[in-house]
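A.B. asks: below is the sequence, then the predicted model.
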Amino acid sequence: MKICAEAELNILEQTLLLLPEKAIYWQQENALIAADVHLGKSGHFRKAGIAIPQNIAQEDLAVLSDLIAQYKPAKLIFLGDLFHSELNTDWDWFALWREQFPQLHIILVKGNHDIINDSHYHQLNIETPMEYSIGPFLMLHHPLTDAKLVNAEGYVLCGHIHPGVRMHGKGRQTLTLPCFTFGDKQAILPSFGKFTGKVAIRHKNDDSVFGVLDNKVIRV
């Protein structure tokens, strides 16, 4: 596995490693956190007759396997949209992958694309809450509005947006990088899946933004 340079962020007396694989390793809880994997998206398009490579889901699962081998987490927390649509052939790959880590505690905080019946996840020993509170954090899929953040019981970690940050060169060149965005009461993670895309979002002046390069996370 390639050597990667993560960025360390200390928040609420917790240490978070922001990884180039677009996930977070939370040291105190020994947990990996990822958002918007969208397994099954390529299978969904293939089922509709659109030519998409078959190995995209396998590549995303391989990255997860590498992270598990490196950090040896006790928990893996998905912040929604783990599987993109209804059951398809990519689910079989996911079920086989799950068998490799029977002791790993997996929680899926359900997102808008998680339409597969919970019973399928429960058969794989995966929990499926709509939100998940642990330590100082409240794990969600959708970001909360500023009005709702006022009463949120914990610092929110979420996904859904597939955030990106636009970088400008000396000329007129621009490049949009996936990014982690940490605000005063909420953080939005980049989408983990390769077949997901990103959208440059408007950040607040006091946000802490970390762009993701191929093998490095940088503060921007």
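C.D. replies: Received it, and whenever you're ready, just let me know what you need. Please read these numbers as outputs of a predicted model, since none were measured by experiment. Residues are numbered from 1 along each chain as shown.
A.B. asks: buried set for stretch 183-195?
C.D. replies: 183, 186-195 (16 or more other CB atoms under 10 Å). All C-beta spots, glycine's among them, are computed from the backbone N, C-alpha and C.
A.B. asks: mind checking which residue lies nearest the centre of this structure?
C.D. replies: Taking CA atoms, centre = their mean, the centroid of the chain lies closest to Ala35, which sits 2.0 Å from it.
A.B. asks: report pLDDT for it.
C.D. replies: Looking at Ala35, its pLDDT reads 97.
A.B. asks: that one contacts Leu82, correct?
C.D. replies: No: Ala35 is beyond contact range of Leu82, at 9.2 Å (criterion: CB atoms under 8 Å).
A.B. asks: let me see the residues that make contact with whichever strand or helix holds Ala34.
C.D. replies: Assigning secondary structure by DSSP states H and E places Ala34 in strand 31-34. Strand 31-34 has contacts (CB atoms under 8 Å, 6 or more residues apart in numbering) with 22-26, 64, 67-68, 71, 73-79, 134, 139, 157, 189, 192.
A.B. asks: ok, that strand: who's next to it in the sheet?
C.D. replies: Sheet partners assigned to strand 31-34 using DSSP bridges are listed as strand 24-26 (antiparallel), strand 75-78 (parallel).
A.B. asks: run a quick neighbour tally on Lys216.
C.D. replies: 12 (other CB atoms under 10 Å).
A.B. asks: remind me, longest helix of the chain?
C.D. replies: Longest helix in the chain, counting residues (DSSP state H): helix 56-71.
A.B. asks: can I get the CA coordinates of that one in PDB?
C.D. replies: Taking C-alpha atoms only, helix 56-71 is exported to PDB below (Å, rounded to 0.1, in the frame of the first residue of the first chain):
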ATOM      1  CA  ILE A  56     -15.400   0.100  -9.100                       C
ATOM      2  CA  ALA A  57     -17.100  -1.300  -6.100                       C
ATOM      3  CA  GLN A  58     -14.300  -3.800  -5.600                       C
ATOM      4  CA  GLU A  59     -11.800  -1.000  -5.700                       C
ATOM      5  CA  ASP A  60     -13.600   0.900  -3.000                       C
ATOM      6  CA  LEU A  61     -13.800  -2.200  -0.800                       C
ATOM      7  CA  ALA A  62     -10.100  -2.800  -1.400                       C
ATOM      8  CA  VAL A  63      -9.400   0.700  -0.100                       C
ATOM      9  CA  LEU A  64     -11.500   0.000   3.000                       C
ATOM     10  CA  SER A  65      -9.600  -3.300   3.500                       C
ATOM     11  CA  ASP A  66      -6.300  -1.500   3.300                       C
ATOM     12  CA  LEU A  67      -7.400   1.100   5.900                       C
ATOM     13  CA  ILE A  68      -8.600  -1.600   8.200                       C
ATOM     14  CA  ALA A  69      -5.300  -3.400   7.900                       C
ATOM     15  CA  GLN A  70      -3.400  -0.200   8.600                       C
ATOM     16  CA  TYR A  71      -5.400   1.200  11.500                       C
END
